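> Output the structure for:
(2 chains)
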Amino acid sequence: DAGVTQSPTHLIKTRGQQVTLRCSPKSGHDTVSWYQQALGQGPQFIFQYYEEEERQRGNFPDRFSGHQFPNYSSELNVNALLLGDSALYLCASSLQNGYTFGSGTRLTVV
Amino acid sequence: DAKTTQPNSMESNEEEPVHLPCNHSTISGTDYIHWYRQLPSQGPEYVIHGLTSNVNNRMASLAIAEDRKSSTLILHRATLRDAAVYYCILRDYSWGKLQFGAGTQVVVTP
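Numbers count the residues shown, from 1 in each chain, chains lettered A, B, ... in the order given. The predicted structure follows:
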């Protein structure tokens, strides 16, 4: 049974560019959340999607947006990239209680 | 959001028990106590969760104080594969976001 799949695994972008990260949830999971993890810190909640709607949002600017598709997969979009957006981006899926995380996408902004 | 306090790091010898403390003095009556761990280069992994009673599963045990203001994650026999950052997290409803702190870095020595 495949867990949470994220793509790409690594990405290098230039300041000002836009990026799209993708996530396929664990089979049977209908809720997808995105987290940003800077080096040496715990993950920070970006937003959560359920039934193709953003259900909760953390303290992130509007440059961060997302989407959930009918098959429950999700995308995270970041516009106008800043150097500070360099981080590991984690996707987590859930059905009720426990979350299953992917291994993340390492984004480097240069 | 209710906060948790954990030690920055703990060391243990292989095959010995590890007791990881977590203080959450501002916990509300509907907060669940969750534990996740993050191995190097991986996303966080669910370990265990509980509300009021002590909980056991194949990975660990969770001991919750009677007043619920603290809890302890117990790894019964530490192995080298248990070396990770362990996060104690409070969630106020089943689908709520996970608010990570800095966690406890567990070092296991052969």
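> near chain A, which residues of chain B show up?
Residues of chain B lying close to chain A (C-beta under 8 Å from any C-beta of the partner chain) are B:32, B:36, B:41-46, B:49, B:85, B:87, B:94-103. Where C-beta positions appear, they are placed from N, C-alpha and C, glycine not excepted.
> Generate a ChimeraX selection restricted to the buried entries among these.
Burial among the residues of chain B next to chain A is assessed by 16 or more other C-beta atoms under 10 Å in any protein chain shown; the matching ChimeraX selection reads:
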select /B:32,36,43,44,45,46,49,85,87,95,96,97,98,99,100,103
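> ends of stretch A:81-99, how far apart?
28 Å (C-alpha to C-alpha, to the nearest Å).
> any idea of the mean pLDDT in that stretch?
Averaging pLDDT along stretch A:81-99 gives 92.
> So which of the residues of chain B next to chain A sit within strands?
Among the residues of chain B next to chain A, the ones falling in strands (DSSP state E) are B:Tyr32, B:Tyr36, B:Glu45, B:Tyr46, B:His49, B:Val85, B:Tyr87.
> OK, contacts around the last one?
Right, the one you point to is B:Tyr87. Applying C-beta atoms under 8 Å, 6 or more residues apart in numbering or on different chains to B:Tyr87 gives the contacts A:Gly42, B:Gln6, B:Trp35, B:Tyr36, B:Arg37, B:Gln38, B:Pro44, B:Phe100, B:Gly101, B:Gly103, B:Thr104.
> For those, work out which two are farthest apart.
B:Gln6 and B:Pro44 (14.3 Å; C-beta to C-beta).
> Around chain B, which positions in chain A sit nearby?
So chain A meets chain B at A:4, A:31, A:33, A:35, A:41-45, A:48, A:50, A:55-56, A:58, A:90, A:92, A:94, A:96-104 (C-beta under 8 Å from any C-beta).
> let's go with 6 Å and repeat that
A:Gly42, A:Pro43, A:Phe45, A:Gln56, A:Leu90, A:Gln96, A:Asn97, A:Gly98, A:Phe101, A:Gly102, A:Ser103, A:Gly104 (C-beta under 6 Å from any C-beta of the partner chain).
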